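J.: Below is the sequence, then the predicted model.
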Amino acid sequence: MFSGPPADPATPTMRASSMPSAVPPVGEMGDISEGASGATPARRSWTAPLLLGAAGLLALLIALFGPGLMARGTGELRIPGAGLTTVLRTVLFAALALHLGELVAPQLIRPVRGRPRTAVRSWAVLASLAGAAAAAGQIVRLAAVSGLGITETYGTREGGLLLLIANGLVVAALCAASRRPALALAPLAVVIGAEALRAHPEAYSPEFGAALTVVHLTAASLWTGGLLYVLRTMWLWRGSPVAARALLGRYARLAIWLYVALAATGTASTLRRLPLDVVFTSAYGRTLLLKLALMAVVSVLALGARRRMLRDTDPAVAHHLARREQVVLGLVVVVSAILTVVPDPHWISLRP
């Protein structure tokens, strides 16, 4: 995933700006079984923020120190500011996932019969603004590393593409705040295309690599962001388990096709970019192996959630497994950001 790195009149936009959320933000990612069983609010009030904070700290540590750990002992060139760049690209990828998920997941909700007439709060505006800030931060880092001024950095290939990404995300945020949030699809498509081009500066078939990244990044964003939106909606619908189960089933069918797209483009990108003789001796190869291990865990959790969904009428267990899948997907996003920072493994393969 991310190797360059799924209207009803009552719910016209699925945005929180038009109606208040029925639950506090911390509850949106709670276990659906807690709402049905009447678990004490005091217990949930501190558990969810604690787990979220721990997960965020772990992701930050992996992003900061991951590139150095993966490159240790490989003899590859040190990338200046690799940890900071990984953090910024993680924020960018997460922003894309959140916004795309909010645009596509409501299409899964609309056909669900008997669904509650409530919608989760929109995070699209804040997500896109955070992504724009992350792209701007990469421009500043690039200027500092290269010794150029900000204006001169815009004139470089990477600086110009990062500027396009930042501006595209600002436009997407404005679209999300408008009465036509679906218009954000256009600037988000530009952002994905620019990021795909930025991720492939190599001389060997960069157009093919960029095309693979466009498909891979889109599918990964829809999977990750769509699942998050579905889980938040299931929690909001915790009093309507039939509708919640139907929604998870619709997402699962979309996720199958997204998984196929990810597997196909990921395999092609790996065969194209990673020489077999440096799989274990390059930072790229080691990071890719870690990502594949995490994706195996995601696959097991996704299959487990689908099996429980088909066997049980109560969606609580499937919801719990899907929440774990979401956590591991978050780690995949961080590791994918590391993949875009570590050196191209071809040069170490060609060394005498």
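T.: Sure thing, it's come through.

J.: For this protein, which residues score under the pLDDT cut-off?
T.: Counting by pLDDT under 70, the ranges of the chain that qualify are 1-45, 48, 349-352.

J.: at 80 instead, please
T.: For the chain, applying pLDDT under 80 flags the ranges 1-49, 51-52, 55, 201-205, 309-319, 346-352.

J.: ok, how many other residues are close to Trp223?
T.: Neighbour count of Trp223, defined by other Cβ atoms under 10 Å: 28. Any C-beta I mention is one placed from the backbone N, CA and C, and that applies to glycine too.

J.: Next: Tyr284.
T.: As a burial measure, Tyr284 scores 27 neighbours (other Cβ under 10 Å).

J.: what about Gln262, distance to Lys291?
T.: You called it Gln, but residue 262 is Leu. Distance, Leu262 to Lys291, using Cβ to Cβ, to the nearest Å: 11 Å.

J.: so where do the helices sit in the stretch 251-352 of the chain?
T.: Taking DSSP state H, counting those that start in this stretch, the helices of the stretch 251-352 of the chain run over residues 283-311, 316-339, 346-349.

J.: can I get those helices in JSON lines with distance to Arg250?
T.: Below are these laid out as JSON lines (distance: least, Cβ to Cβ, whole Å):
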{"stretch": "helix 283-311", "distance to Arg250": "11"}
{"stretch": "helix 316-339", "distance to Arg250": "13"}
{"stretch": "helix 346-349", "distance to Arg250": "42"}
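
J.: Determine which stretch of those is the most buried.
T.: Of all the helices of the stretch 251-352 of the chain, helix 316-339 carries the top mean neighbour count, a mean of 22, counting by mean count of other Cβ atoms under 10 Å.

J.: name the helices or strands packed onto that one?
T.: helix 32-37, helix 41-71, helix 82-109, helix 206-236, helix 241-273, helix 283-311 (3 or more Cβ pairs under 8 Å, 6 or more residues apart in numbering; DSSP states H and E).

J.: can you tell which of those helices is closest to Pro187?
T.: Closest to Pro187 of the helices and strands packed on helix 316-339, according to Cβ to Cβ: helix 82-109, at 9.7 Å.

J.: quick one: the closest one to chain centroid distance?
T.: Chain-centre distance of helix 82-109: 4 Å, with Cα atoms, centre = their mean, to the nearest Å.

J.: and the angle for that helix with helix 41-71?
T.: With axes from the mean of the first three to the mean of the last three Cα atoms, to 10 degrees applied, the angle from helix 82-109 to helix 41-71 works out at 130 degrees.

J.: Can you mark which positions in helix 82-109 are buried?
T.: Going by neighbour count (16 or more other Cβ atoms under 10 Å), the buried part of helix 82-109 is 82-106, 108-109.

J.: So which of the helices of the stretch 251-352 of the chain is nearest Ala71?
T.: helix 283-311 (4.0 Å).

J.: Off-centre distance for the closest one?
T.: The answer for helix 283-311 is 15 Å, by Cα atoms, centre = their mean.

J.: Check stretch 64-83 too.
T.: Distance, stretch centre to chain centre, for stretch 64-83: 23 Å (Cα atoms, centre = their mean).

J.: Kindly report the same for stretch 260-268.
T.: Centroid displacement of stretch 260-268 relative to its chain, using Cα atoms, centre = their mean, is 16 Å.

J.: can you check stretch 152-165 too?
T.: Centroid displacement of stretch 152-165 relative to its chain, using Cα atoms, centre = their mean, is 23 Å.

J.: Ok, stretch 324-332 next?
T.: On the basis of Cα atoms, centre = their mean, stretch 324-332 sits 9 Å off its chain's mean C-alpha point.

J.: Show me the contact partners of that stretch.
T.: When contacts are defined by Cβ atoms under 8 Å, 6 or more residues apart in numbering, stretch 324-332 is touched by residues 1-2, 55, 58-59, 62, 94, 223-224, 227-228, 231, 291, 294-295, 297-298, 301-302, 305.

J.: Can I get that stretch in PDB? Just the C-alpha atoms.
T.: Output of stretch 324-332 as PDB, limited to C-alpha atoms (Å, rounded to 0.1, in the frame of the first residue of the first chain):
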ATOM      1  CA  ARG A 324      -7.900  -4.200  14.800                       C
ATOM      2  CA  GLU A 325      -7.500  -4.200  11.000                       C
ATOM      3  CA  GLN A 326      -7.700  -0.400  11.000                       C
ATOM      4  CA  VAL A 327      -4.900  -0.200  13.600                       C
ATOM      5  CA  VAL A 328      -2.600  -2.400  11.500                       C
ATOM      6  CA  LEU A 329      -3.500  -0.500   8.400                       C
ATOM      7  CA  GLY A 330      -2.300   2.700  10.200                       C
ATOM      8  CA  LEU A 331       1.000   1.000  10.700                       C
ATOM      9  CA  VAL A 332       1.100   0.100   7.000                       C
END
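
J.: going forward, begin numbering at 443 instead of 1
T.: Sure thing, new numbering starts at 443, so read that last one as stretch 766-774.

J.: show me the contacts for Met676.
T.: Applying Cβ under 8 Å, 6+ apart to Met676 gives the contacts Ile474, Ala686, Leu689, Leu690, Pro757, His761.

J.: quick one: which two of the residues you listed are the most distant?
T.: Farthest apart among the contacts of Met676 by Cβ to Cβ are Ile474 and Leu689. That separation is 11.2 Å.

J.: higher neighbour count, the two?
T.: Using other Cβ under 10 Å, the more surrounded residue of Ile474 and Leu689 is Ile474, with 27 against 24.

J.: is it true that Ala686 touches Arg680?
T.: Yes - contact criterion Cβ atoms under 8 Å: Ala686 and Arg680 qualify, at 6.9 Å.
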